[in-house]
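Trainee: using only what follows, build the 3D model:
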Amino acid sequence: MIRGLLSVLFVLVAVAVSSSLAKPEKNIAKRGKRIPQTLSRGWGDQLIWAQTYEEALYWARAQNKPLMVIFHLEDCPHSASMKKAFAEDKDIQKVLDEDFIILNLVYETTDKHLSPDGQYVPRIIFVDPSMTVRADITGRYSNRMYAYEPSDTQLLLSNMQKAKKLLKTEL
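Mentor: Numbering: from 1, shown residues only. Take a look at the predicted model:
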């Protein structure tokens, strides 16, 4: 009887050890695409993203660059379509890489200046290195002033250039 129990115990230990030595499975989404594991959350994996609003403000001030803050939600279809257009636009990605500190948030901050006309997504706000929210740099909608759609990438690029120009003339 004891021999039988020891045999069963030995088999269980062998199975447990062999399964723990197996290669771990990759983190694959249900649709078969790999989930981005960077701070970009799919908005531009080659870019350097700030982790928090406070860190982004610090780097904007230290490097004298404007900050672009993107508010979005992972399960929002409008955010997803904007993310796709944003990540595929080489001009936007190039300007961001060279001239901006960037942050994307899937939650609201305690700074109410970052939601001057309400909390909606997707929303893109510019902040200059003096920590002033640029409420004057807006999208094309009067009811959601900081919203952009995938067809608005040229307007967004123009607003990014405006944020850079205002930075040079005002500071």
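Trainee: ok, now which ones touch residue 40?
Mentor: The neighbourhood of residue 40, defined by Cβ atoms under 8 Å, 6 or more residues apart in numbering, consists of 47, 49, 104. For glycine as for every other residue, the C-beta is placed from the backbone atoms N, C-alpha and C.
Trainee: give me the subset of these lying in strands.
Mentor: Here DSSP state E is the test, and the contacts of residue 40 give residue 104 as lying in strands.
Trainee: out of the contacts of residue 40, who has the most neighbours?
Mentor: Counting neighbours by other Cβ atoms under 10 Å, residue 104 comes out on top of those with 24 neighbours.
Trainee: tell me what the residue most central in space within the chain is bridged to.
Mentor: For the chain, residue 104 is the residue whose C-alpha lies nearest the centre (Cα atoms, centre = their mean; 3.4 Å). For residue 104, the beta-bridge partners under DSSP bridges are residue 70.
Trainee: begin at 56, not 1, for the rest of this chat.
Mentor: With 56 as the first residue, the last one maps to residue 159.
Trainee: what's it in contact with, if anything?
Mentor: Taking Cβ under 8 Å, 6+ apart as the criterion, residue 159 is in contact with 94, 95, 96, 98, 104, 124, 125, 126, 127.
Trainee: quick one: which of the residues you listed is nearest residue 217?
Mentor: Of all these, residue 217 sits closest to residue 124, with 15.8 Å by Cβ to Cβ.
Trainee: what about that closest one, how many neighbours?
Mentor: 23.
Trainee: same check on residue 208?
Mentor: Neighbours of residue 208 (other Cβ under 10 Å): 17.
Trainee: just put the contacts of residue 159 in a markdown table and tack on distance to residue 221 and pLDDT.
Mentor: Converted to a markdown table, the contacts of residue 159 look like this (distance: Cβ to Cβ, whole Å; pLDDT from 0 to 100):
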| residue | distance to residue 221 | pLDDT |
| --- | --- | --- |
| 94 | 26 | 85 |
| 95 | 26 | 86 |
| 96 | 27 | 89 |
| 98 | 23 | 89 |
| 104 | 23 | 94 |
| 124 | 16 | 96 |
| 125 | 19 | 94 |
| 126 | 21 | 94 |
| 127 | 24 | 94 |
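Trainee: show me where pLDDT drops low in this protein?
Mentor: 56-57, 59-92, 222-226 (pLDDT under 70).
Trainee: for it, which segments count as helices?
Mentor: For the chain, the helices defined by DSSP state H occupy 57-76, 108-118, 132-143, 145-154, 208-225.
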